[in-house]
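1. from the sequence below, what's the structure:
(one chain, ligands or ions: 1)
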Amino acid sequence: MVRIMGIVNVTPDSFSDGGRYLDADAAIAHGRALRAAGADLLDIGGESTRPGAQRVDPALEQERVVPVIAALAAEGAVISIDTMNASTAVAAVTAGARIVNDVSGGLADPEMLPAVAASGADIVLQHWRGPSADMYAQASYADLARELVAELEARVAAAAAAGISPDRVIVDPGIGFGKRGAQNWQALHALDRVVALGARVLVGTSRKGFLAEALRGEGLRGEAGVAGEVSTQRRDLATAVTSVLAAQAGVWAVRVHDVAATRDALTVWRHWNDAEDAT
Ligand code: PMM
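-> Reported below is the predicted structural model:
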């Protein structure tokens, strides 16, 4: 079964749930609720990566995430730390995190890969072409699928060179990172080629702008949200659909905000497949 990674952003400015879980107790409660809803893993982050976001001081980032990780890991949760800073990765693993989720694939901090190698944690290497402040400057591709796969392969090789064996590596196509609207659909369309790399694959589409872009203008005339903002509810439904399509492509896990909706969607998908196998 595909794993569900529930998102716990301990930041004041993340685009979808920003600010609500800044308080450690509220973040811990949110992590518990996501586990109760069926999350297999919790991804805890203290620095927003939304387009245009500025970097956060690692000391502040650690102040935000370490108490939340320690509390949830003590309850048996499998935790990943969403960070681009080696010092935060190390602090998080010390507090109980088992996976380091680096959206830069080890490119933002030269200390990251050696630090993770020494820590014994697994690592998510996401496709990334530059900082969030300048996210779209490099969103130019001659052949997106080919470049995406080649650039991920290069990061897996860099991790191996730093002493991280391939079985500890998870790759992620980086939906919304250095990719504009349609390019995200191309990346998803190429998921089977990413899966063919042989590493576990994580994919994160949850509530992202390209989903809203696709839905904007669809639906009944006069329906709330058609003309302007696409509601969180509609983004979550779209996310549940992409979760199933990602599962169909063979990914290891999906990273989502609304764990219950994705759990239901994956359950429906499993029933469809099980019936097929039984005949
Ligand atoms: N997306 C965001 C943050 N971290 N990590 C991985 N591995 N993959 C993603 O797609 C990803 C990520 C941005 O979304 P958020 O601000 O809602 O957390």
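2. measure Leu197 to the ligand for me?
-> Distance, Leu197 to the ligand, by C-beta to the nearest ligand atom, to the nearest Å: 15 Å. For every residue, glycine as well, the C-beta is placed using N, CA and C.
3. confirm that residue sits in a helix?
-> No. Per DSSP: H, G, I helix; E, B strand; the rest coil, Leu197 lies outside any helix segment and is coil.
4. who touches it in this structure?
-> Taking C-beta atoms under 8 Å, 6 or more residues apart in numbering as the criterion, Leu197 is in contact with Val149, Leu152, Glu153, Val156, Val171.
5. who's the last one bridged to?
-> Meaning Val171. Leu125, Val201 (DSSP bridges).
6. is there proximity between stretch 40-52 and the ligand?
-> Yes. Judged by C-beta under 6 Å from any ligand atom, stretch 40-52 comes into contact with the ligand at Ser48, Thr49, Arg50.
7. enumerate the residues of this protein near the ligand.
-> 7, 9, 14-16, 48-50, 82, 101, 103, 124, 126, 172, 175, 202, 204, 206, 255.
8. try it again with 5 Å
-> By the rule C-beta under 5 Å from any ligand atom, the part of the chain lying against the ligand is Ser14, Thr49, Asp82, Asn101, Val103, Val124, Gln126, Asp172, Gly204.
9. contacting residues for the nearest residue to the third one once chain neighbours are set aside?
-> It refers to Asp82. Once flanking residues are discounted, Asp82 sits nearest to Gly45: 3.2 Å by C-beta to C-beta, 6 or more residues apart in numbering. Contacts for Gly45 (C-beta under 8 Å, 6+ apart) come out as Ile7, Val8, Asn9, Val10, Thr11, Ser14, Val65, Ile81, Asp82, Thr83, Asn101.
10. mind checking what secondary structure the first one has?
-> Three states are possible here, and by three-state DSSP the one that applies to Ile7 is strand.
11. for it, name its beta-bridge partners.
-> Beta-bridge partners, per DSSP bridges, of Ile7: Asp43.
12. the contacts of Gly45, buried ones only, as a ChimeraX selection?
-> Selection of buried members from those for ChimeraX, criterion 16 or more other C-beta atoms under 10 Å:
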select :7,8,9,10,11,14,65,81,82,83,101
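13. how about a markdown table for the contacts of Gly45, with pLDDT and secondary structure added?
-> As requested, those are arranged in a markdown table below (pLDDT from 0 to 100; DSSP: H, G, I helix; E, B strand; the rest coil):
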| residue | pLDDT | secondary structure |
| --- | --- | --- |
| Ile7 | 98 | strand |
| Val8 | 97 | strand |
| Asn9 | 92 | strand |
| Val10 | 91 | coil |
| Thr11 | 81 | coil |
| Ser14 | 48 | coil |
| Val65 | 96 | helix |
| Ile81 | 98 | strand |
| Asp82 | 98 | strand |
| Thr83 | 97 | coil |
| Asn101 | 98 | strand |
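14. mind picking the two most distant members of the contacts of Gly45?
-> Of all pairs drawn from these, the greatest distance, 15.1 Å, lies between Ser14 and Ile81 (C-beta to C-beta).
15. which residue does the stretch 51-200 of the chain bring closest to the ligand?
-> Asp172 (4.2 Å; C-beta to the nearest ligand atom).
16. run a quick neighbour tally on that residue.
-> Other residues lying near Asp172 total 27 when counted by other C-beta atoms under 10 Å.
17. okay, now the unreliable bits of this structure?
-> 13-22, 218-228, 276-279 (pLDDT under 70).
18. which one of the residues in it is closest to the ligand?
-> Gly204 (2.5 Å).
19. Val171 and Val68: what is the separation?
-> Per C-beta to C-beta, to the nearest Å, Val171 is found 26 Å from Val68.
20. and Ser48, its phi and psi?
-> phi -70, psi 140 (degrees, to the nearest 10).
21. what's the longest helix anywhere in the chain in contact with?
-> What stands out as the longest helix in the chain, according to DSSP state H, is helix 259-278. Helix 259-278 is contacted by residues 1-2, 4, 6, 34, 37-39, 236-237, 239-241, 243-244, 247-248, 254, 256 when judged by C-beta under 8 Å, 6+ apart.
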